[in-house]
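S.K.: next input, structure requested:
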Amino acid sequence: MNRENKIKQYKKGYYKTHACNDSFKCNVCGRLVTPIGTGSFHRNHCPNCLNSIHVDIEPGDREADCGGIMEPIAIWVRKNGEWACIHRCGRCGKLSLNRIAADDNPIKLMSIAMKPIAVPPFPIERIEEMTRLMAGDGTLK
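M.R.: Below you'll find the model as predicted:
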């Protein structure tokens, strides 16, 4: 549905106060995504590959015209222990936060959460040398 039709069909902020029960086909993996059983009223990412589409300016407003693929790049653990996925738009670079849904792929979630450990942003074999350069004693204890 294009933006003009959305504006005609819904008042501003409609999705903030009403559940979005629309099913959609994932643009990345092709899976049919339904909102049933997710634990949320605003399904906006694929439970299989965790990708999303950039449709919101503010969460739930469905007013973004970008339409880029929102790739999951990190996991954030909230104070209450709930996990959230950080997405980055491949077209405009906007970052957004999405709650993890009940049916999200646990293997994909763990692989995103473990990425900084599995692929550190520095050469792991030089960690003792880097520790010495930062005024440490250079030993790993």
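
S.K.: where in this structure is pLDDT low?
M.R.: 1-21, 36-42, 136-141 (pLDDT under 70).

S.K.: does C29 touch P47 like I think?
M.R.: No: between C29 and P47 there is no contact under C-beta atoms under 8 Å: 10.1 Å. Where you see a C-beta, it was placed from the backbone N, CA and C, and this is true even at glycine.

S.K.: looking at this structure, which helix is longest?
M.R.: helix 106-118 (DSSP state H).

S.K.: so which bits of it are buried?
M.R.: By 16 or more other C-beta atoms under 10 Å, the buried positions in helix 106-118 come out as K108, L109, I112, A113.

S.K.: what residues are up against L97?
M.R.: For L97, the contacting residues are W76, A84, C85, I86, H87, by C-beta atoms under 8 Å, 6 or more residues apart in numbering.

S.K.: mind listing the helices for the protein?
M.R.: Along the chain, the stretches classed as helices by DSSP H are 3-9, 14-17, 106-118, 127-133.

S.K.: and C29 and P47? Which one has more around it.
M.R.: The residue with more neighbours, out of C29 and P47, is P47; 19 against 12, by other C-beta atoms under 10 Å.

S.K.: which phi and psi does that one have?
M.R.: The phi and psi values for P47, taken as degrees, to the nearest 10, are phi -70, psi -20.

S.K.: and it, how far from A64?
M.R.: 21 Å (C-beta to C-beta, to the nearest Å).

S.K.: how about E128?
M.R.: Taking C-beta to C-beta, one finds E128 at 47 Å from A64.

S.K.: so for those two, which sits in the more crowded spot?
M.R.: Just comparing E128 and A64: by other C-beta under 10 Å the higher neighbour count belongs to A64, 18 against 13.

S.K.: which ones are touching the more buried one?
M.R.: So A64 contacts H54, V55, D56, I57 (C-beta under 8 Å, 6+ apart).

S.K.: among the residues you listed, which are in strands?
M.R.: Assigned to strands by DSSP state E, none of the contacts of A64 qualify.
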